[in-house]
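>>> need the 3D shape of this:
(one chain, ligands or ions: 1)
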Amino acid sequence: MPGAQHPSHVYPLGSRLNEAGRLEVGGCDVVELAAEFGTPAYVVAPDDIRARARAIVRAYGAATPACDVVFASKAFPCTAVYRLLAQEGLGCDVASGGELAMALRGGFSPERIHLHGNAKTREELAHALDVGIGHVIADNTRDLDVLEELLAERPGQVQSILLRIAPGISPATHPSISTGGPNTKFGFSLHDAPAAIARAQDSDRLHVEGLHFHIGSQLMDNAPYQAALEAIAGLGSFPAVNLGGGLGVAYVEADRPPSIEDYVAAKVRAVHDVLGPSVRIVDEPGRALVANAGVTLYTVQSVKHNVDTWVAVDGGMSDNLRPMLYGAVYEAEIADRFGGGTRCNVAGKHCESGDVLVRDADLDDPRPGDILVTPVTGAYGHAMANTYNGAQRPPVVFASGGDARLVVRRETHEDLFTRDV
Ligand code: LLP
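Sure, this is the predicted structure:
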């Protein structure tokens, strides 16, 4: 896009190219942020997260009287993000004891937390009961067994649960993030669900609030939620239904995901049509709240011409696994020279050929020392970061109103040794 004046809509809300042609996120010049905080770095606009959280809470509040919006915190598990979304009044979905600990530290009250997992340990369930967690999503009969055993040791305690059901629906998305098909590892099959529900309802220590499904992630179509509801409708009437998350986001300029408003309208309409208007709706958005709020800054280290032009940066599959796991496609720009001219592959620094962040990028004459930016790294980037090749995981910098604040520091060499005994 030679001569582009504006970053595409995939960048954080409020981003712009300033008079010097440099990208600004949250009012901060990202080239200056790179100098201050180093690279690679995740730069996040908390105002973007706040705006999207408010939009979804507003849309649900307007559409249905009883609802709860729950942040699927696996998308961006860091204390500052937990704190922000707790302040916004959301509930929180945690997928493990570790996320539970982070959610509590971030300020979520236990009764607003929902514990998930297809392989919960006794320790995780005991921790959840001890802190007074609001909701456990039972995935299998072992969850029910262990909950009953643990509750027997806790006289008078009753635990609210939802049962996760695999509705047998496979929406269009990458197979690794399609989770509600007939042969999934998640939840009770439609065949086993009636017995599991009857058993849980029989227990005087378990309170069955309702059913849960999460059919997949990065969904660009709202229709499958209705199909999933129709699949589980025959399992009984319950006070609540949890529809999981799934709303897709735009990773590249041409992507047109459903709007938050259309997504909410489709889900609410489907619940009202299939289950009736009085059922409380729980939604678990992750990606849609945080993905577009974040960009990653890298420094170009080398440029070479083999068959293709290869632009190598100081990060890669240690800070963004998504291209390698799902073939995810990203955009890239030189942060102070938006536009194209040089077709190239943006490669990471890791010791394998698959470590390519962006194939067929179009950059303006990339050179060593340039700051390169990839947008839409707010979801599942920090979350899945790792220390492959001794990488030190990047900091998270919040940028708002022209001020930048470090909320997660960069890992150090010392950190790489801290667990050695
Ligand atoms: N609820 C449950 C039970 C989930 O398992 C998930 C995501 C969500 C909600 C939130 O889904 P979202 O709104 O973010 O689509 N690492 C993958 C994504 C894995 C999603 C797993 N579950 C990625 O980078 O695309």
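>>> could you use CA atoms for every contact and neighbour count after this?
OK.
>>> and the longest strand for the chain?
In the chain, taking DSSP state E as the definition, the longest strand is strand 294-305.
>>> mind listing what's buried in that one?
Within strand 294-305, the residues that count as buried by 16 or more other C-alpha atoms under 10 Å are G294, V295, T296, L297, Y298, T299, V300, Q301, S302, V303.
>>> of those residues, closest to the ligand?
Comparing those against the ligand with C-alpha to the nearest ligand atom places G294 closest, at 13.6 Å.
>>> ok, the closest one - contacts?
Y11, P12, Y42, V43, V44, A45, P375, V376, T377, G378, A379 (C-alpha atoms under 8 Å, 6 or more residues apart in numbering).
>>> among these, who's most crowded?
Most neighbours among the contacts of G294, by other C-alpha atoms under 10 Å: V43, with 32 neighbours.
>>> nearest residue to that one in space, please, no chain neighbours.
With sequence-adjacent residues excluded and distances taken as C-alpha to C-alpha, 6 or more residues apart in numbering, V43 is closest to V397, at 4.8 Å.
>>> shouldn't that neighbour be within a helix?
No: V397 sits outside any helix when classified using DSSP: H, G, I helix; E, B strand; the rest coil, being strand.
>>> and the pLDDT at it?
Looking at V397, its pLDDT reads 99.
>>> coming back round to it: just the ones of the contacts of G294 in strands?
If you go by DSSP E, the contacts of G294 have Y42, V43, V44, P375 in strands.
>>> need the residues you listed in JSON lines (columns: pLDDT and distance to F76).
Output for these, formatted as JSON lines (pLDDT from 0 to 100; distance: C-alpha to C-alpha, whole Å):
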{"residue": "Y42", "pLDDT": "99", "distance to F76": "11"}
{"residue": "V43", "pLDDT": "98", "distance to F76": "13"}
{"residue": "V44", "pLDDT": "98", "distance to F76": "11"}
{"residue": "P375", "pLDDT": "98", "distance to F76": "15"}
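>>> I'd like these laid out as CSV, including distance to V311.
As requested, the ones in strands among the contacts of G294 are exported to CSV (distance: C-alpha to C-alpha, whole Å):
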residue, distance to V311
Y42, 19
V43, 21
V44, 24
P375, 17
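>>> who does the closest residue to the ligand within the stretch 1-150 of the chain bridge with?
Nearest to the ligand in the stretch 1-150 of the chain, going by C-alpha to the nearest ligand atom, is A72, at a distance of 5.0 Å. Counting by DSSP bridges, A72 is bridged to D93.
>>> list the contacts for it?
By C-alpha under 8 Å, 6+ apart, the residues touching A72 are C92, D93, V94, G245, E284, P285, G286, R287.
>>> residue contacts, the spatially most central residue of the chain?
The centroid of the chain falls nearest to A75 when counting by C-alpha atoms, centre = their mean (2.2 Å). Under the criterion of C-alpha under 8 Å, 6+ apart, the neighbours of A75 are G286, R287, V290, G378, A379, Y380, G381, A383.
>>> of those, which belong to helices?
R287, V290 (DSSP state H).
>>> ok, so of the contacts of A75, who is nearest H350?
Of all the contacts of A75, H350 sits closest to G381, with 16.1 Å by C-alpha to C-alpha.
>>> on the pLDDT front, check whichever residue of the stretch 301-421 of the chain sits closest to the ligand for me.
The stretch 301-421 of the chain approaches the ligand most closely through Y380 (4.7 Å), counting by C-alpha to the nearest ligand atom. Y380 carries a pLDDT value of 98.
>>> again, but for the one 4 residues further on
The per-residue pLDDT reported for M384 equals 98.
>>> ok, which pair from the contacts of A75 is furthest apart?
Based on C-alpha to C-alpha, the longest span within these runs between G286 and G381 and measures 12.4 Å.
>>> overlap in contacts, the two.
Residues touching both G286 and G381 (C-alpha under 8 Å, 6+ apart): A75, F76.
>>> out of these two, which sits in the more crowded spot?
Each of G286 and G381 has its neighbours counted (other C-alpha under 10 Å); G286 has more, 26 against 23.
>>> wait, what's in contact with that one?
Shown in contact with G286 (C-alpha under 8 Å, 6+ apart): F71, A72, S73, K74, A75, F76, G245, G246, A379.
>>> one more: R367?
So, once contact is read as C-alpha under 8 Å, 6+ apart, R367 ends up touching V300, Q301, S302, V303.
>>> strand partners (parallel or antiparallel) of the longest strand of the chain?
Partners of strand 294-305 in its sheet, by DSSP bridges: strand 41-44 (antiparallel), strand 309-313 (antiparallel), strand 371-375 (antiparallel).
>>> what mean pLDDT does the top helix by length along the chain get?
For the chain, the longest helix by residue count, based on DSSP H, is helix 46-63. Taken as a whole, helix 46-63 has an average pLDDT of 97.
>>> summarise which helices and strands it is packed against.
When contacts are defined as 3 or more C-alpha pairs under 8 Å, 6 or more residues apart in numbering; DSSP states H and E, helix 46-63 packs onto strand 67-72, helix 79-87, helix 260-274, helix 287-290, strand 396-400.
>>> can I get those in JSON lines including distance to A126?
Below are those laid out as JSON lines (distance: least, C-alpha to C-alpha, whole Å):
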{"stretch": "strand 67-72", "distance to A126": "21"}
{"stretch": "helix 79-87", "distance to A126": "22"}
{"stretch": "helix 260-274", "distance to A126": "33"}
{"stretch": "helix 287-290", "distance to A126": "29"}
{"stretch": "strand 396-400", "distance to A126": "32"}
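>>> deepest-packed of these, please.
Among those, helix 287-290 has the highest mean neighbour count (mean count of other C-alpha atoms under 10 Å), at a mean of 28.
>>> and the residue of the stretch 301-421 of the chain closest to the ligand, how many residues sit next to it?
Using other C-alpha under 10 Å, Y380 has 22 other residues around it.
>>> could you do the one 3 residues further on as well?
Other residues near A383 come to 17 when the count uses other C-alpha under 10 Å.
>>> quick check: closest non-adjacent residue to I137.
Of all residues not flanking I137 in the chain, L162 sits nearest, at 4.8 Å (C-alpha to C-alpha, 6+ apart).
>>> stretch 93-106 and the ligand, are they touching?
No: Stretch 93-106 lies apart from the ligand when judged by C-alpha under 6 Å from any ligand atom; the minimum separation is 7.0 Å.
>>> now do that stretch, average pLDDT.
Rounded mean pLDDT across stretch 93-106 is 98.
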